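Student: coordinates only, no sequence provided:
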C-alpha cells in the first residue's frame, strides 16, 4: 500500500537534524514529508515531575537494546515529534575550531573533519538565531570566530551562581554565560518579563517544557510550518527498511509500519535518514538487499561503527551557603578544554546542570550511603545543592558499534574506558577547587539518575558517529554534503555523520549542518 503521493523530500525523524532540515526545505518551497516514529508528547503535569521523568523514566522508549554480552538495557531515547530535543537541556555550543582538525588525546587520536570550522561558521550563526540561543560571543577564550553576535543576550546568573562566577574569576579562570536556547525576555536580571514564554523555572534541564519555551525542534521547526500546503507530518510511523531500484543506486521506497499495524510505502526524490545515530545505522543495516548485502551506504563497512557518546559525568556538590537558584543552567567554563598546565592532553568542559531537587536526591540516596550527613534532610540538602556537568571527548573506535542480530534487534558495543582519563582529571580539578568556591570539600556526588544510568551503556543522549562523512569513500559512508557515497538520493543528517564528537553538546552542530545540507538540497531540487 502507498499513500498515493510523491514528495520532493522524505525525512525520517523530526529531531535536531531532521526537524531543522525539514523546516529549511519547507520554507524554501519543497514538498516535504516528515515520518516520525512517535506521537506528539502529551502536555501534562508529569512533564515537570522528577519522579515521572527521571525516577520512573515515563517518557523513555519502551524498548530494550543489548550490549556486547547480550544483556538487555533501556536506552536513553525518546520517540516523539521533536525527538530527543524534547528532553535535552538546550545547551547549544559550537565545536571549537580545533575540533575540526586532528587532535591528540591521552587515549588516542580524534580525527579531522572533511570540512573546517569556517565552512560551518555561517550556519552556526543561523542556527543560533533560529533556535533563540542566548549568550555572549567573546566571553569564552576557547571559542572560534563568530560572524555575528547572538541575537539574544545571555541569561543572567542568579546570586549564588554569580558568586560562583566571581570566585572562579578570582582563581584566574574564565567562566562564561552558557549558550542556551530558550524563549526568554528578562525585565531585569533574574526575572522574566510578563510577556516572556520562559518563566525562568527550575525545570529547564532534562524536562520537556510545558510552556513550549524551550527551543526544541518541534517548537522551533515543525510547528511553524505544519500549516503549509507543502508539508506533511505522519506520526506513529516506524520505518522498517528502505527499498532501491534494480541498479541499487537510488532509494525508491520507504517501507513504514503505522500505529494501526498497516504497512505503507512512501516515495520521494530525496530520502533523508535522521533517526539518531543508533537507529539510523540500524535502519541502513536492516535495509540490506542483493545490491547492498551489508546494508545501504555500507560498501566501506563503516555503517554502525565508530559510535561515540561523550564521557559525561553529572555531579552535585554542597554549598556552605544556601543555593535558592531556580534557573541554574547559566554558566560554563572551558579553561581545560584542550589541556592544562599539568597535562598536555584535552580534559573537556564544565557547565552547570539544572537544579537537583529533594525527590531526585531521595532516589539517589542508596548510592550515596555514608557520603553525606545522615542528619541533613533531603529538602535541606537540595537547598544547598550546586550541580555540574563534566563533558570529555569519546574517541571513535571501529569496534564501538551498532549491529543487528538475526531478529534485527539492536546490539550496541562500547569500550566504557575509552579516553576517560581526561574527564577524570577534570573532575579532580573541580574537586580541588570546592573549598575556594564556597562548597564543602570532597563532596562531589554522582547524579547518575540524571543520565538514566541503570547501566553505563544506557546513557545514549549524545550518541554520534555511526554513519560518518568524509572525502574517502573507502573510510566513510557519506560525502561532504552528507549524501551516501553509494546512492544518488540518500542523505543522513543527524549526528551519525560526525567523524569526531568534541567535548561540547552536539545539538547545535547537528542543527547547523542540517541548515548547510538544506541549502545544498534546495539547490539540487532547483
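Tutor: Done, it's in. Only a predicted model underlies this, so the values are computations on that prediction, with no experimental measurement involved.

Student: quick check: end-to-end length of stretch 474-492?
Tutor: 18 Å (C-alpha to C-alpha, to the nearest Å).

Student: same deal with stretch 300-316?
Tutor: Stretch 300-316 has an end-to-end distance of 44 Å (criterion: C-alpha to C-alpha).

Student: how about that stretch: buried residues?
Tutor: By 16 or more other C-beta atoms under 10 Å, the buried positions in stretch 300-316 come out as 300, 302-316. Every residue, glycine included, has its C-beta placed from N, CA and C.

Student: contacts only, for the closest residue to residue 251 other than its chain neighbours.
Tutor: Here the nearest residue to residue 251 in space, its sequence neighbours aside, is residue 271; by C-beta to C-beta, 6 or more residues apart in numbering that works out to 4.4 Å. By C-beta atoms under 8 Å, 6 or more residues apart in numbering, the contact list for residue 271 reads 9, 10, 12, 242, 251, 254, 489, 490, 491.

Student: pretty sure the third one contacts residue 270?
Tutor: So that's residue 12. No. Contact between residue 12 and residue 270 fails when scored by C-beta atoms under 8 Å: they sit 11.5 Å apart.

Student: same drill for these two, tell me which one is more crowded.
Tutor: Each of residue 12 and residue 270 has its neighbours counted (other C-beta atoms under 10 Å); residue 12 has more, 27 against 22.

Student: next, count neighbours for residue 226.
Tutor: Per other C-beta under 10 Å, the neighbour tally for residue 226 reads 14.

Student: surely it meets residue 219?
Tutor: No. Residue 226 lies out of contact with residue 219 (C-beta under 8 Å); the separation is 11.6 Å.

Student: now residue 132. Its backbone dihedrals?
Tutor: In terms of degrees, to the nearest 10, the main-chain angles of residue 132 are phi 60, psi 40.

Student: show me the contacts for the residue nearest to it when sequence neighbours are not counted.
Tutor: In this structure, residue 132 finds its nearest non-sequential neighbour in residue 215, 5.0 Å apart by C-beta to C-beta, 6+ apart. Counting by C-beta under 8 Å, 6+ apart, residue 215 touches 90, 92, 131, 132, 133, 181, 182, 183.

Student: what's the closest non-adjacent residue to the first one?
Tutor: This points to residue 90. Counting by C-beta to C-beta, 6+ apart, residue 90 lies nearest to residue 181, which is 4.2 Å off, once chain neighbours are set aside.

Student: isn't there a helix covering that neighbour?
Tutor: No. Applying DSSP: H, G, I helix; E, B strand; the rest coil, one finds residue 181 to be strand, outside a helix.

Student: partners of it in the sheet?
Tutor: Beta bridges link residue 181 to residue 133 when assigned by DSSP bridges.

Student: residue 214 is in contact with that one, correct?
Tutor: Yes. Counting by C-beta under 8 Å, residue 181 does reach residue 214; the two are 6.9 Å apart.

Student: what touches both of those two?
Tutor: With C-beta under 8 Å, 6+ apart, residue 181 and residue 214 have common neighbours residue 90.

Student: wait, what's in contact with residue 500?
Tutor: Contacts of residue 500 (C-beta under 8 Å, 6+ apart): 99, 103, 110, 111, 112, 113, 308, 393, 395, 396, 465.

Student: ugh, wrong one, residue 292
Tutor: So residue 292 contacts 244, 248, 298, 299, 486 (C-beta under 8 Å, 6+ apart).

Student: ok, 7 Å please
Tutor: 248, 298 (C-beta atoms under 7 Å, 6 or more residues apart in numbering).

Student: what's across from it in the sheet?
Tutor: In this entry, residue 292 is beta-bridged to residue 289, by DSSP bridges.

Student: next one: it from residue 301, what distance?
Tutor: The spacing between residue 292 and residue 301, counted by C-beta to C-beta, to the nearest Å, is 12 Å.

Student: so where do the helices sit in the stretch 301-450 of the chain?
Tutor: Taking DSSP state H, counting those that start in this stretch, the helices of the stretch 301-450 of the chain run over residues 358-364, 378-384, 421-433.

Student: what of the stretch 1-150 of the chain?
Tutor: 16-27, 50, 117-130.

Student: format the ones you listed as TSV; extra columns: distance to residue 146 and mean neighbour count.
Tutor: Output for those, formatted as TSV (distance: least, C-beta to C-beta, whole Å; neighbours: other C-beta atoms under 10 Å):
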stretch	distance to residue 146	mean neighbour count
helix 16-27	19	28
helix 50	36	20
helix 117-130	7	19
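
Student: right, and residue 93 touches residue 504 too?
Tutor: Yes. When contacts are counted by C-beta atoms under 7 Å, residue 93 is listed as touching residue 504 (3.7 Å).

Student: what about the strands in the stretch 1-150 of the chain?
Tutor: Using DSSP state E, counting those that start in this stretch, the strands found in the stretch 1-150 of the chain span residues 2-12, 32-35, 65-66, 72-73, 103-105, 108-110, 133-134.

Student: try the stretch 301-450 of the chain
Tutor: Under DSSP E, counting those that start in this stretch, the stretch 301-450 of the chain gives strands at 311-318, 331-333, 349-352, 385-392, 401-404, 410-413, 445-446.

Student: dump these to CSV, plus distance to residue 39.
Tutor: Output for the strands of the stretch 301-450 of the chain, formatted as CSV (distance: least, C-beta to C-beta, whole Å):
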stretch, distance to residue 39
strand 311-318, 29
strand 331-333, 34
strand 349-352, 31
strand 385-392, 29
strand 401-404, 25
strand 410-413, 22
strand 445-446, 33
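
Student: and those strands as TSV, adding mean pLDDT?
Tutor: Below are the strands of the stretch 301-450 of the chain laid out as TSV (pLDDT from 0 to 100):
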stretch	mean pLDDT
strand 311-318	92
strand 331-333	98
strand 349-352	98
strand 385-392	95
strand 401-404	97
strand 410-413	96
strand 445-446	84
